[in-house]
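Asks: Prediction below, plus the sequence it came from.
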Amino acid sequence: MTTTEAPGLTGAAAAAVEAARDHLLGLQSPDGWWKAELETNVTMDAEDLLLRQFLGIRTDGETREAARWIRSRQRDDGTWANFFGGPPDLSTTIEAYVALRLAGDPADTAHMRRAARHVREAGGIEASRVFTRIWLALFGQWPWDDLPVMPPELMFLPSRVPLNVYDWACWARQTIVPLTVLGSLRPVRPLPFDLAELRCGVRPAQDAKGWGRVFATLDRALHVYERRPVRPLRTAALRRAAEWIIARQEADGCWGGIQPPWVYSLMALHELGYGLDHPVIRRGLAGLDRFTIRDEKGRRLEACQSPVWDTVLAMNALSDAGTPPGDPALLRAARWIAAEEVRGPGDWQVRRPSLPPGGWAFEFDNDVYPDTDDTAEAILALRRSGLPDAAEPIGRAVRWLTGMASRDGGFAAFDADNTRELCTKLPFCDFGAVIDPPSADVTAHVVEALAKEGHARTTVVKRAVVWLLKAQEADGSWFGRWGANHVYGTGSVVPALIAAGVRPDRPAIRRAVAWLEEHQNDDGGWGEDLRSYDDPAWIGRGASTASQTAWALLALLAAGERSSAVDGGVRWLVDHQRPDGNWDEEHFTGTGFPRDFYINYHLYRLVFPISALGRYVAAPASTDLKEAGES
């Protein structure tokens with residue numbers, strides 16, 4: 001049902017948009033980009049200290065500052081979580097505990113005793129994830145023989161053979177290649193303390209069925225091989241791995257613009273004989289400084305940085321808020337974005353060898369891995385910016401996006417057809433998403449961008465729309481791969497389907513609208529706890545947040561709604577806006593790996609409400625669904 005907005009609400013929303021827009025403009029860099037903090041969990045900081053301990057470069061000052069931050073994130077029960085308000089996480093707690101021991105916190109202090117007690121109650125080190133036990137093996141606190149084997153000889157498997165490195169998602173392959181080096185060399189840097197207080201002495205039972213049995217047998221065979229590898233083959237494999245790693249170092253010293261491959265690549269190359277003064281190692285260590293935040297809370301490391309993503313979202317938000325094409329702020333941002341276009345080769349060419357490049361990555365420096373999500377939003381932003389020479393990069397990006405469709409019609413983030421699930425069965429891969437299949441949110445963003453470039457009638461977009469319609473959940477929502485969760489997926493898909501020509505009165509849209517209305521909180525906002533990735537009872541449920549309320553509103557407004565649900569969401573945003581024009585948002589609403597790794601994008605709380613409120617103010621006071629579908 002549609003209604004007219006509450007008296008005065010449009011004026012209040014317009015004032016909120018103006019204040020938020022002014023705040024956003026004040027955050028723009030002189031070069032044109034935006035970048036806010038990308039907050040994750042304390043494993044980044046713990047592993048940074050462990051990396052420096054491994055390389056022999058850890059300083060007292062860095063340790064003190066990082067330890068202060070790690071302590072500040074500990075909860076009253078002694079544990080650490082992976083997201084604000086989340087349940088205790090065993091591996092995160094173990095890594096934080098080890099880092100604090102490294103910083104000199106005695107095991108018998110109250111906060112350490114609480115942490116150790118939780119670790120033991122949760123199964124001890126023995127029950128932690130493989131990556132945590134790899135870190136412990138590097139320091140003599142876990143036997144290398146008791147870890148799954150991933151031999152560097154994987155480097156010789158051609159891309160058509162199962163379990164080759166390109167079967168993994170880009171973030172996973174960049175991590176696994178250096179780990180094969182470390183796993184074959186098995187270095188140990190003994191710590192000045194033991195972790196007996198974290199052990200239970202009981203190993204978790206192995207999966208003795210199906211693929212668990214198959215890979216357990218394979219792992220036993222690989223352990224035998226590790227004891228007596230074919231030396232010429234092993235030497236050649238290590239050389240190939242080193243060359244592969246070095247070829248993928250970015251200009252700023254990072255690998256993929258993300259922490260995991262970065263730290264493992266540094267340690268792997270160092271073990272292969274690359275000294276601290278070698279240019280590759282020196283660049284890698286220097287690059288970490290740009291990812292380091294120091295303030296009164298302590299020293300912390302961003303797992304990644306998102307300037308391209310933040311900038312294109314900010315540009316689209318400003319356009320939604322009524323900023324006209326050609327505005328100086330938009331033009332500065334557009335010129336910077338145009339200069340960030342990735343024009344060179346990348347791993348995506350393994351699956352699409354004849355596709356010319358053209359797109360954008362997430363980070364300042366990540367030219368090997370442009371992604372379809374950033375590229376889609378960049379197309380939308382550039383088209384609306386008024387940049388005179390935007391047509392060429394947009395044209396290249398449209399061509400690249402079109403060629404990145406997977407065989408089933410959907411779109412993944414970094415690769416096409418990265419869907420071989422065999423590698424997910426390996427005992428080594430017990431943490432995070434290790435493949436990159438198409439997802440509803442990414443497919444939706446691509447569909448919206450291509451449709452608004454006039455490609456709604458093309459086969460690629462039609463197939464993607466069919467993919468989205470098939471991906472709709474039975475309850476009317478869509479799963480959100482890169483944002484939390486069904487609110488994000490639904491908030492992404494509905495505007496895309498409308499842009500592609502799906503009428504607002506079609507069943508898929510009406511079911512999505514009904515799902516959003518059913519999951520609106522009593523306070524008028526929307527929220528979805530990240531536990532929804534594990535527990536379906538949390539789907540669509542959680543404390544109201546600014547970004548998630550905005551996502552719901554974007555879907556409802558695209559569907560032609562001007563209802564009490566819309567008014568309630570707008571009122572929530574207006575009432576919760578800070579005096580400076582921003583919103584508070586402690587809850588994490590971004591997703592790195594469902595069920596394992598989550599993100600609080602500090603700009604989400606600002607850009608998405610601007611877009612939602614801007615579209616609300618610009619929309620007609622009441623909307624007839626039939627007219628909206630025919631317009």
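Replies: Yep, that arrived. Numbers count the residues shown, from 1 in each chain.
Asks: secondary structure element for the nearest residue to V502 once chain neighbours are set aside?
Replies: The shortest distance from V502 to any non-neighbouring residue, by C-beta to C-beta, 6 or more residues apart in numbering, is to I509 (6.4 Å). Glycine gets a C-beta too; all of them are placed from N, C-alpha and C. Following DSSP states H and E, one finds I509 within helix 507-518.
Asks: Just the buried residues of stretch 180-189, please?
Replies: The neighbour-count check on stretch 180-189 (16 or more other C-beta atoms under 10 Å) flags 180-184, 187 as buried.
Asks: among those residues, which are in helices?
Replies: 180-184 (DSSP state H).
Asks: What is the nearest of those to I394?
Replies: I394 lies nearest to T180 out of these, by C-beta to C-beta, at 39.9 Å.
Asks: What's the separation between that closest one and P151?
Replies: 6 Å (C-beta to C-beta, to the nearest Å).
Asks: go on, W144?
Replies: In terms of C-beta to C-beta, W144 sits 13 Å off from P151.
Asks: so where's the stretch 201-350 of the chain shaky on pLDDT?
Replies: Applying pLDDT under 70 to the stretch 201-350 of the chain flags residues 205-208.
Asks: re the thing from before, and the pLDDT at the residue nearest to V502?
Replies: pLDDT for I509: 98.
Asks: Could I get the ones in helices among the buried residues of stretch 180-189 in JSON lines, plus columns for pLDDT and distance to Q349?
Replies: Formatted as JSON lines, these follow (pLDDT from 0 to 100; distance: C-beta to C-beta, whole Å):
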{"residue": "T180", "pLDDT": "97", "distance to Q349": "22"}
{"residue": "V181", "pLDDT": "98", "distance to Q349": "24"}
{"residue": "L182", "pLDDT": "98", "distance to Q349": "28"}
{"residue": "G183", "pLDDT": "96", "distance to Q349": "28"}
{"residue": "S184", "pLDDT": "97", "distance to Q349": "28"}
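Asks: Can I get those residues in TSV including distance to Q520?
Replies: Below are these laid out as TSV (distance: C-beta to C-beta, whole Å):
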residue	distance to Q520
T180	49
V181	51
L182	49
G183	49
S184	54
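Asks: so what's I435 up against?
Replies: 167-169, 172, 418-421, 423-424 (C-beta atoms under 8 Å, 6 or more residues apart in numbering).
Asks: is it possible to export those to JSON lines including pLDDT and distance to F131?
Replies: Listed next are those as JSON lines, based on pLDDT from 0 to 100; distance: C-beta to C-beta, whole Å:
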{"residue": "D167", "pLDDT": "95", "distance to F131": "19"}
{"residue": "W168", "pLDDT": "94", "distance to F131": "14"}
{"residue": "A169", "pLDDT": "95", "distance to F131": "15"}
{"residue": "A172", "pLDDT": "94", "distance to F131": "11"}
{"residue": "N418", "pLDDT": "96", "distance to F131": "21"}
{"residue": "T419", "pLDDT": "95", "distance to F131": "23"}
{"residue": "R420", "pLDDT": "92", "distance to F131": "21"}
{"residue": "E421", "pLDDT": "90", "distance to F131": "20"}
{"residue": "C423", "pLDDT": "86", "distance to F131": "15"}
{"residue": "T424", "pLDDT": "86", "distance to F131": "15"}
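Asks: So among the residues you listed, which ones count as buried?
Replies: Applying 16+ other C-beta under 10 Å to these flags 167-169, 172, 418-419, 423 as buried.
Asks: taking those residues one by one, which sit in helices?
Replies: Here DSSP H is the test, and those give A172 as lying in helices.
Asks: of the buried ones among the contacts of I435, closest to R571?
Replies: Out of those, the member with the shortest distance to R571 (by C-beta to C-beta) is A169, at 40.6 Å.
Asks: which ones are touching the nearest residue to the closest one once chain neighbours are set aside?
Replies: In this structure, A169 finds its nearest non-sequential neighbour in D436, 3.8 Å apart by C-beta to C-beta, 6+ apart. Contacts for D436 (C-beta under 8 Å, 6+ apart) come out as 169-170, 412-415, 418.
Asks: So what touches the helix holding I509?
Replies: The set of residues external to helix 507-518 that reach it, using C-beta under 8 Å, 6+ apart, is 469, 472, 475-478, 486-487, 490, 493-494, 497-498, 502-503, 526, 540, 552, 555-556, 559, 561, 563, 565.
Asks: again, only using 6 Å
Replies: Outside helix 507-518, the residues that touch it by C-beta atoms under 6 Å, 6 or more residues apart in numbering are 469, 472, 475-477, 490, 494, 552, 559, 565.
Asks: Report the buried members of those.
Replies: Buried residues within those, counting neighbours by 16+ other C-beta under 10 Å: 472, 475-477, 490, 494, 552, 559, 565.
Asks: Quick check: the farthest pair among those?
Replies: Q472 and A565 (19.5 Å).
Asks: wait, which of the contacts of helix 507-518 is closest to Y274?
Replies: Within the contacts of helix 507-518, the smallest distance to Y274 is 47.7 Å, found for T490 (C-beta to C-beta).
Asks: which residues touch that closest one?
Replies: With C-beta under 6 Å, 6+ apart, T490 has these contacts: 477-478, 512, 555.
Asks: Just the element for it, please.
Replies: helix 486-499.
Asks: okay, the angle between that helix and helix 507-518?
Replies: 140 degrees (axes from the mean of the first three to the mean of the last three C-alpha atoms, to 10 degrees).
Asks: all strands for the chain, in order.
Replies: With DSSP state E, the ranges of strands along the chain come out as 38-39, 292-295, 298-301, 590-593, 597-601.
Asks: Dump those strands to CSV, plus distance to R113.
Replies: Conversion of the strands of the chain to CSV gives the following (distance: least, C-beta to C-beta, whole Å):
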stretch, distance to R113
strand 38-39, 28
strand 292-295, 29
strand 298-301, 22
strand 590-593, 31
strand 597-601, 28
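Asks: Switch those over to a markdown table; also include distance to R571 and mean neighbour count.
Replies: Shown next, in a markdown table, are the strands of the chain (distance: least, C-beta to C-beta, whole Å; neighbours: other C-beta atoms under 10 Å):
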| stretch | distance to R571 | mean neighbour count |
| --- | --- | --- |
| strand 38-39 | 28 | 22 |
| strand 292-295 | 34 | 13 |
| strand 298-301 | 35 | 22 |
| strand 590-593 | 25 | 21 |
| strand 597-601 | 24 | 23 |
